[in-house]
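> I would like to see how this sequence folds:
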Amino acid sequence: MATPRKRHDPYAAFRYANYRSYTLAILFAEISEQMLGVAVSYEIYQRTHSTLALGFIGFVIWLPIFLFMLPGGAVADRHNRKSIVLAGTSLFAFCAAGLALSPRAPSPLPLMFGLLFLTGLTRAFNEPARRSLLPLLVPRAYFTNAITWNSNVNQMGMVAGPALGGILYAAAGFSNTCFVVAALELGAFFSYGTLRQPPAAPRGEPIRLKSLRDGLAFVGKTKLILATITLDLFVVLFGGATAMLPAYADDVLRCGSSGMGWLKAAIPLGAFLTSMLMAHRRPMEKAGQTLLWAVAGFGAATIVFGVSRWFWLSFLALLAAGALDLISVIVRSTLVQVLTPDSMRGRVTAVSSIFVSSSNELGGFESGLAATLLGLVPSVVLGGVASILVVLAVLRIWPEVARLKSLGKLKPASGA
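Presented below is the predicted three-dimensional model:
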């Protein structure tokens, strides 16, 4: 008689109080960061009416991430990760309060960009520590489930944040929106503070250049991680249409700040719906092929958004892009968390963040520069085409990606 299959529990990770506190903090933080993104980008566009200025927002956030993310990962591998996250969250709240007061300064724009640079510096140390905490909160058997729900909670924040940010900006103005952001960040701070002290990160070798290189070397020799984060890097870099949403909202779709908030919420809404579906399913059986088709579909959805002149078609295109992008997030995040030894997780997470998270900001800069040189619509359409070409290149360079099967059967790497 065949052995019955073990019943899949879609809520397994939520059995653990630490994980529940962690996800609540993530929700507060994501809502606040997305609200701030909408408010700052729309405020700067209203002051400058420049797509290049929109792109420069991404650049000033990307630069400190690029420069300091690897040291941030090494710090996370050597020091208490919870303490690092608490410090980073409180500093982000300070930046939001500073942005709220910036319109009163004699030269508001330089102060705004300076504070945005500081938020990027905060992320450089906060993200490796925060992401490296996750595997310490649930047993290894529930990694994929925890990562899927973590993505789900992120998407909830990314849906609610832009919509609330756009509405609040229209109703109460830039400064009041930033003060609400600061209050939400304090909510995240207290939620992180309720975490029962997780196991301490291994205190490996002192933070030296060699320890930073070790994270890069591990990614370089782990081809599945290298391929998936490279795929995300270039797709986000070329397909960063969301950075141009203030210009699309004002000059193409003419839907104002509230409409821009809903457009920015469309991508995470699509991702949220997909993550809900995937949380209730077993791990993907053909993860590699699903990943490649999903990223190609993301490029096609970006092209549709670029040529659309109808608000609801634009919204649906972004909704589809978010649904497809979520598949890439789950595959990449699972590979990084499962294949990396805990003693190196901060550094490897930092490398992944440099490739992926910072590419959102660098992609925004690229989009602003391309829109200035080529025009708004052509730059977005060409970005979608480039995303499809990146999929073909990854398939040719790393054919093992297409052969990746179930994420539930991955085995951790042996040692650093």
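> quick one: low-confidence ranges for the stretch 251-400 of the chain?
257, 279-284, 337-338, 342-343, 345-346, 353-366 (pLDDT under 70).
> which parts of it are helices?
For the stretch 251-400 of the chain, helices defined by DSSP state H, counting those that start in this stretch occupy the ranges 256-279, 287-307, 311-339, 345-355, 357-374, 376-397.
> helices along the stretch 101-250 of the chain, start to end?
Using DSSP H, counting those that start in this stretch, helices in the stretch 101-250 of the chain cover 108-133, 143-172, 174-193, 209-221, 223-238, 245-247.
> buried set for the fifth one?
I take that to be helix 223-238. Neighbour-count burial for helix 223-238, counted by 16 or more other Cβ atoms under 10 Å, picks out 224-238. Placement of C-beta: from N, CA and C, glycine included.
> other SSEs contacting it?
Under the contact definition 3 or more Cβ pairs under 8 Å, 6 or more residues apart in numbering; DSSP states H and E, helix 223-238 sits against helix 209-221, helix 287-307, helix 311-339, helix 345-355, helix 357-374, helix 376-397.
> closest one to R254 among those helices?
Closest approach to R254 among these (Cβ to Cβ): helix 311-339, 8.7 Å.
> longest helix of the chain?
Assignment by DSSP state H gives helix 17-48 as the longest helix of the chain.
> same question for the helix or strand just after it, mean pLDDT?
Next along the chain after helix 17-48, taking DSSP states H and E as the criterion, comes helix 51-78. Taken as a whole, helix 51-78 has a mean pLDDT of 82.
> what is helix 51-78 packed up against?
Against helix 51-78 (3+ Cβ pairs under 8 Å, 6+ apart) you get helix 17-48, helix 108-133, helix 209-221, helix 245-247, helix 345-355, helix 357-374.
> mean neighbour count, those: which tops it?
Using mean count of other Cβ atoms under 10 Å, the stretch among these with the largest mean neighbour count is helix 345-355, at a mean of 28.
> can you dump the C-alpha coordinates of stretch 308-320 into CSV?
In CSV, the C-alpha atoms belonging to stretch 308-320 read as follows (Å, rounded to 0.1, in the frame of the first residue of the first chain):
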residue,chain,number,x,y,z
SER,A,308,-1.1,52.0,-22.8
ARG,A,309,-3.1,55.2,-22.7
TRP,A,310,-5.9,53.8,-20.7
PHE,A,311,-5.7,53.9,-16.9
TRP,A,312,-7.2,50.4,-16.3
LEU,A,313,-5.2,48.7,-19.0
SER,A,314,-2.0,50.2,-17.4
PHE,A,315,-3.2,49.0,-14.0
LEU,A,316,-3.8,45.5,-15.2
ALA,A,317,-0.4,45.4,-17.0
LEU,A,318,1.3,46.3,-13.7
LEU,A,319,-0.9,43.8,-11.8
ALA,A,320,0.3,41.1,-14.1
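> related to what we said a few turns ago, looking at the helices and strands packed on helix 223-238, which is nearest to F59?
Nearest of the helices and strands packed on helix 223-238 to F59, taken as Cβ to Cβ: helix 357-374 at 4.0 Å.
> so how far does stretch 39-59 reach from one end to the other?
17 Å (Cα to Cα, to the nearest Å).
> so how far is that stretch off the chain centroid?
20 Å (Cα atoms, centre = their mean, to the nearest Å).
> same question, stretch 392-400
Remark: stretch 392-400 is offset 24 Å from the chain centroid, using Cα atoms, centre = their mean.
> pull out the buried positions in that stretch.
Within stretch 392-400, the residues scored as buried using 16+ other Cβ under 10 Å are V394, L395, W398.
> output those as JSON lines; include the columns distance to E285.
Shown next, in JSON lines, are the buried residues of stretch 392-400 (distance: Cβ to Cβ, whole Å):
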{"residue": "V394", "distance to E285": "21"}
{"residue": "L395", "distance to E285": "19"}
{"residue": "W398", "distance to E285": "20"}
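> re the thing from before, wait, which of the buried residues of helix 223-238 is closest to F92?
For those, the nearest to F92 is V236 (21.7 Å; Cβ to Cβ).
> what pLDDT does the closest one get?
The pLDDT attached to V236 in the predicted structure is 72.
> could you check how far it is from C178?
Going from V236 to C178 by Cβ to Cβ, to the nearest Å gives 26 Å.
> what does S90 give?
16 Å.
> settle it for me: which of the two has more neighbours?
C178 (29 against 15; other Cβ atoms under 10 Å).
> with adjacent residues omitted, what lies nearest to that one?
A100 (3.5 Å; Cβ to Cβ, 6 or more residues apart in numbering).
> hmm, that neighbour is touching A182, no?
Yes - using Cβ atoms under 8 Å, A100 is in contact with A182, at 7.0 Å.
> for the stretch 1-150 of the chain, give me the ranges with low pLDDT.
Applying pLDDT under 70 to the stretch 1-150 of the chain picks out residues 1-9, 140.
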